[in-house]
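Asker: Give the three-dimensional model of this entry:
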Amino acid sequence: MTARGTEEMKESILERNARLHTDEKIAAFIVKQKQPYEFKVAYAEARAWEFVKECGKRGLNYHVSVGGLDSITLFIFLRKIGMKQKAVAKKSGFEEQEFSNMMNGRKAIMAEYIPRIAKALNVTPNEIYESRTA
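Answerer: The predicted structure follows:
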């Protein structure tokens, strides 16, 4: 082991968190998490464009993928309102297998799918997100 490697190992997790300002980052994340859906979309778009511009400055190729709704959040929400997966698939225009794949994490729930799913459930996208913290 190098002297540097030994030094790094002496830092405790609490010291590392303090050095990296982890508490501040978590607090900022929680604030963003509680924002309305429209804010989250605009924020994600702004961050994606920042990434694209930085890659352009460096002459790098890039791929931007902005996550949508996670399957656990949607599953919890559907359970809360008593809606069956098959009914949501039909009402939102997805094939039953495709929606099943989304619910089981085999297919991503893309950001552009969220309004369709929310409309089928007669709720706003934000109500689905908020169900996880309620």
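Asker: how would you label K107: helix, strand or coil?
Answerer: Following DSSP: H, G, I helix; E, B strand; the rest coil, K107 is assigned to coil.
Asker: Pull the contacting residues for it.
Answerer: When contacts are counted by Cβ atoms under 8 Å, 6 or more residues apart in numbering, K107 is found next to 98, 101. Backbone N, C-alpha and C define where each C-beta goes, glycine included.
Asker: make it 6 Å
Answerer: Contact partners of K107, counting by Cβ atoms under 6 Å, 6 or more residues apart in numbering, are N101.
Asker: any idea how far P36 is from it?
Answerer: The spacing between K107 and P36, counted by Cβ to Cβ, to the nearest Å, is 26 Å.
Asker: repeat for G59
Answerer: Shown here: G59 relative to P36, a distance of 37 Å by Cβ to Cβ.
Asker: Which residue of these two possesses the greater neighbour count?
Answerer: Each of G59 and P36 had its neighbours counted (other Cβ atoms under 10 Å), and the higher figure belongs to P36 (13 against 6).
Asker: can you count the residues close to the nearest residue to that one once chain neighbours are set aside?
Answerer: Take P36 and drop its neighbours on the chain: the residue closest to it by Cβ to Cβ, 6 or more residues apart in numbering is N126, 5.2 Å away. Neighbourhood size, N126 [other Cβ under 10 Å]: 17.
Asker: What strand or helix carries N126?
Answerer: helix 125-130 (DSSP states H and E).
Asker: how about whichever strand or helix holds A46: buried residues?
Answerer: Under the criterion of DSSP H and E, A46 resides in helix 37-58. Residues of helix 37-58 classed as buried under the neighbour-count rule (16 or more other Cβ atoms under 10 Å) are 37, 40, 44.
Asker: And the last one, how far from G59?
Answerer: As defined by Cβ to Cβ, A44 lies at a distance of 25 Å from G59.
Asker: Ok, the second one next?
Answerer: K40 sits 31 Å away from G59, going by Cβ to Cβ.
Asker: show me where pLDDT drops low in this structure?
Answerer: Applying pLDDT under 70 to the chain flags the ranges 1-9, 63-69, 131-134.
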